[in-house]
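>>> Sharing a sequence plus its predicted fold:
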Amino acid sequence: MNDWISWLPDDILVSILSSLPLKDAGRTSVLSSRWKNMWKNTSHLNFVDDSALDKIGKDQRQRNMERSKYVRWVNSVLKSLLHKGGLTLEDFRICFDVGKSSSEAISQWLKFAFERQVEKLELDLLEFGHHMSLPGNVYVFPDKFLFQNSCVLHCPHPPTTCTTLFNFKSLRSLSFKNVQVSGEAIEFFLHNCPFLEQLILHDIEKLSKLEVCGSCLVLKHLELCCIYDFISLEVSAPNLISLSVGTTNGLVLKNVPMLVDLHIRCAKVEIPLLVPALCCCVSQLEILSLFLEMHRAHHIVMLNFPDMPKLKRLDLSFQANRKARDESVLKLTSLIRKFPILEEFVLEIIWFGCYTWTGREVTKVTQFPHQHLKVFKYLGYDGHSSDSDAVMFILENCVVLQEIIIDPICPPYPWHAPLGKRELEAAQMVRSCAKQLFEPRVSEHVRLIIQ
């Protein structure tokens with residue numbers, strides 16, 4: 001049998017190897033002398049070990065051993081690449097349960113990436129397999145990586161002529177998850193990386209204020225999630241397309257003419273700040289995703305959302321108590337009249353409390369035809385009369401509806417315990433009832449999916 005793949009030129013082979021998991025690419029070195037160092041030409045270093053993370057998730061006693069193996073693996077790969085002249089990195093990703101105890105190694109990894117003018121950098125130091133960490137256990141990003149004199153970073157007005165330790169002009173995407181990084185360092189990256197288009201910060205400690213402002217910013221995507229100490233966030237970025245934030249506390253949006261995709265998570269006490277925070281962009285939004293920590297559907301309706309003439313997709317998630325008697329989901333369907341060209345509506349209700357069949361307030365809403373809604377997805381549907389009324393309202397009023405999806409179970413969050421036998425049996429009963437109720441009422445051009 002002919003070995004056709006070995007006939008390919010080196011650049012094609014390197015491209016193929018770059019698409020493989022890093023460990024698999026490294027294993028090709030034993031194929032022949034030509035292949036021995038071929039994988040070292042890759043510009044994609046993705047240090048992900050899902051199997052080890054699964055072991056830690058199932059048995060935390062494996063944590064220290066798997067951490068040591070991961071650190072040795074990364075160190076070994078980078079050592080083999082140290083003398084590879086001219087190597088630049090398109091992306092460099094660290095994704096594992098390592099933290100403060102591995103600070104020296106992590107800093108060396110970052111140094112390696114910065115020296116090779118990395119374009120996409122992701123430092124994802126999840127703990128126990130998810131993004132929740134114990135205070136004080138996280139890696140602290142060293143300010144010394146930014147200026148040769150790190151004290152400059154914390155001056156009230158850092159001089160613009162200071163020499164940076166590395167050339168950051170190639171950086172296009174930066175992601176820090178479960179890392180302690182200062183606001184000054186983030187703002188440094190924003191203003192010293194002229195091609196930075198994406199910034200992602202998750203689970204960041206001791207970050208209270210941040211200004212993402214500048215007429216010259218090329219930033220297109222900004223994602224700030226679980227920034228626990230936030231009291232002030234100002235965003236003024238003329239090229240920003242998508243924004244995801246975990247609070248409305250201190251949120252100020254201005255000069256965001258390109259913003260069309262907005263995701264917001266609100267604590268219960270922050271709900272009144274939601275609509276005022278949206279005032280500068282409601283007329284341009286095309287996608288809006290809201291996670292609201294509140295326990296009454298009518299509170300959402302009472303927010304008095306402004307009309308959004310360009311909105312095409314709405315994702316609405318909120319927490320609700322099964323014991324509440326006024327949890328009429330039907331009220332929420334009246335929101336769609338605020339969004340005249342809405343095409344997709346995803347409603348997610350995260351129920352808590354006992355799984356019991358309790359009475360609900362019956363609500364009437366004005367019937368009106370909606371001319372654009374094509375997809376309605378209901379996660380957390382539990383079969384009460386108000387829930388079925390909401391689905392029937394969509395079926396009767398959305399004249400171009402193509403698909404309706406019903407799922408009694410919401411996607412699990414990392415900290416949620418697995419569903420018990422009682423919950424699974426109840427969910428199956430809800431599915432059966434929904435099928436009997438809706439199948440005869442769905443027209444032939446609408447696809448009904450009960451998950």
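Here it is on my side, so go on.
>>> before we move on, what SS does the residue lying closest to residue 115 once chain neighbours are set aside have?
In space, not counting the residues next to it along the chain, residue 115 is nearest to residue 166; the distance is 6.5 Å by C-beta to C-beta, 6 or more residues apart in numbering. Glycine gets a C-beta too; all of them are placed from N, C-alpha and C. What DSSP: H, G, I helix; E, B strand; the rest coil gives for residue 166 is coil.
>>> Am I right that residue 166 is in contact with residue 145?
Yes. Counting by C-beta atoms under 8 Å, residue 166 does reach residue 145; the two are 6.8 Å apart.
>>> would you list every one of the helices in the chain?
Taking DSSP state H as the test, the helices found in the chain are 10-18, 22-27, 50-58, 63-81, 103-115, 183-192, 274-278, 297-301, 330-333, 385-397, 421-438.
>>> Which one, of those helices, ends up nearest to residue 226?
Comparison of those against residue 226 by C-beta to C-beta identifies helix 183-192 as nearest, at 15.1 Å.
>>> can you list the helices of the chain in TSV and add distance to residue 318?
As requested, those are arranged in TSV below (distance: least, C-beta to C-beta, whole Å):
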stretch	distance to residue 318
helix 10-18	42
helix 22-27	41
helix 50-58	28
helix 63-81	35
helix 103-115	38
helix 183-192	30
helix 274-278	12
helix 297-301	6
helix 330-333	9
helix 385-397	14
helix 421-438	19
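>>> Now do residue 347, the pLDDT please.
According to the model's per-residue confidence, residue 347 sits at a pLDDT of 92.
>>> go on, residue 27?
Predicted confidence (pLDDT) for residue 27: 70.
>>> And the one 4 residues further on, by the same measure?
On pLDDT, residue 31 comes in at 63.
>>> Next: residue 169.
We have a pLDDT of 91 for residue 169.
>>> Could you do residue 366 as well?
66.
>>> do the same with residue 319
Per-residue pLDDT puts residue 319 at 80.
>>> was I right about it contacting residue 350?
Yes. Using C-beta under 8 Å, residue 319 makes contact with residue 350 at a distance of 4.8 Å.
>>> Please report the distance of the residue nearest to residue 115 from residue 111.
Distance check for residue 166 against residue 111: by C-beta to C-beta, to the nearest Å, it reads 8 Å.
>>> quick revisit: ranking the helices of the chain by burial, who's on top?
Ranked by mean neighbour count, the helices of the chain are led by helix 330-333 with a mean of 22 (mean count of other C-beta atoms under 10 Å).
>>> on contacts alone, who are the packing partners of that helix?
Secondary structure elements in contact with helix 330-333, counted by 3 or more C-beta pairs under 8 Å, 6 or more residues apart in numbering; DSSP states H and E, are helix 297-301, helix 385-397.
>>> Mean pLDDT added to those, as JSON lines?
Formatted as JSON lines, the entries for the helices and strands packed on helix 330-333 read as follows, by pLDDT from 0 to 100:
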{"stretch": "helix 297-301", "mean pLDDT": "72"}
{"stretch": "helix 385-397", "mean pLDDT": "88"}
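>>> Mind listing what's buried along stretch 81-90?
Of the residues in stretch 81-90, those scored as buried under the neighbour-count criterion (16 or more other C-beta atoms under 10 Å) are 81, 87, 89, 90.
>>> Extract the C-alpha set from stretch 111-124 and format it as CSV.
Listed in CSV are the C-alpha atoms of stretch 111-124, where the atom choice follows Å, rounded to 0.1, in the frame of the first residue of the first chain:
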residue,chain,number,x,y,z
LYS,A,111,6.7,34.1,29.0
PHE,A,112,7.2,31.5,26.3
ALA,A,113,3.9,32.6,24.6
PHE,A,114,4.6,36.3,24.8
GLU,A,115,8.2,35.9,23.4
ARG,A,116,6.7,34.2,20.4
GLN,A,117,4.2,37.0,19.7
VAL,A,118,1.1,34.9,20.4
GLU,A,119,-2.1,36.0,18.6
LYS,A,120,-4.6,34.2,20.7
LEU,A,121,-3.9,33.5,24.4
GLU,A,122,-6.2,31.6,26.7
LEU,A,123,-5.3,31.0,30.4
ASP,A,124,-8.1,28.9,31.8
